[in-house]
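> Give me a model of this one.
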Amino acid sequence: MKKKLLIAAVALLCTLTVGIGTTLAYLASISGPVINSFTVGQVELRLVETTGDAYRLIPGTTVEKDPVVTVVSGSEACYLYVKLERHGNLDSYVTYETEEGWHILGGFDGVYYRSLGYAAVDMSYHVLKNDQLTVRSTLTKEQMAAVDPDECRMTVTAYAIQATGIESPSDGWYNILSALEE
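I've put the predicted structure just below:
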């Protein structure tokens, strides 16, 4: 009798174990999916000038020159640069200042920069203060006669590079120069 009772107890225990184990198997859960989409970041800019590309130098006057750089909406935070290349002896004839907000990039002649955040809308920046150059009033007739239009000129170029991962404006400029060499 004890043997039958023991067998019945073991059978009951096995049945309970299987029942509990089966019940625990149903206590499972699964989340809904999280779908990730990826877009590519970008930095885009435009450079326009509405005052033309040929200017007359008259001592003591100002010359309207309005280069404007626009960082296009949707562009990532970036370093924005302008390079004002003065060819020939232009500095002998004119002076200019950059608009507020531009900083000289030390060690690079004619390179200026600004640090910008994400562009939710188009953001435009004038390069020259009051959109003008000033012709030196001390120029003589002989100096003016010596002006060579093929050599006395200014080239304005705009560049931008993402700010994320770039330590400083100088590092950004070195990265731009490296990319241009490739």
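> measure the residue nearest the centre of the chain to S178 for me?
Nearest to the geometric centre of the chain sits C78, at 2.5 Å (Cα atoms, centre = their mean). Separation of C78 from S178 (Cβ to Cβ, to the nearest Å) stands at 17 Å. In short, each C-beta sits where N, CA and C put it, glycine included.
> All the strands of the protein, residue numbers only.
Here the chain has its strands, by DSSP state E, at 45-48, 62-64, 68-71, 78-87, 94-95, 103-104, 111-116, 123-126, 132-135, 153-162.
> May I see the ones you listed arranged in TSV, with mean pLDDT as well?
TSV is the format used below for the strands of the chain (pLDDT from 0 to 100):
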stretch	mean pLDDT
strand 45-48	96
strand 62-64	95
strand 68-71	97
strand 78-87	95
strand 94-95	94
strand 103-104	97
strand 111-116	97
strand 123-126	97
strand 132-135	95
strand 153-162	95
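> so which of the ones you listed gets nearest S37?
S37 lies closest to strand 153-162 among the strands of the chain, at 20.3 Å (Cβ to Cβ).
> worst-scoring helix or strand of this structure, pLDDT-wise?
Ranked by mean pLDDT, DSSP states H and E, the weakest helix or strand in the chain is helix 2-25, scoring a mean of 59.
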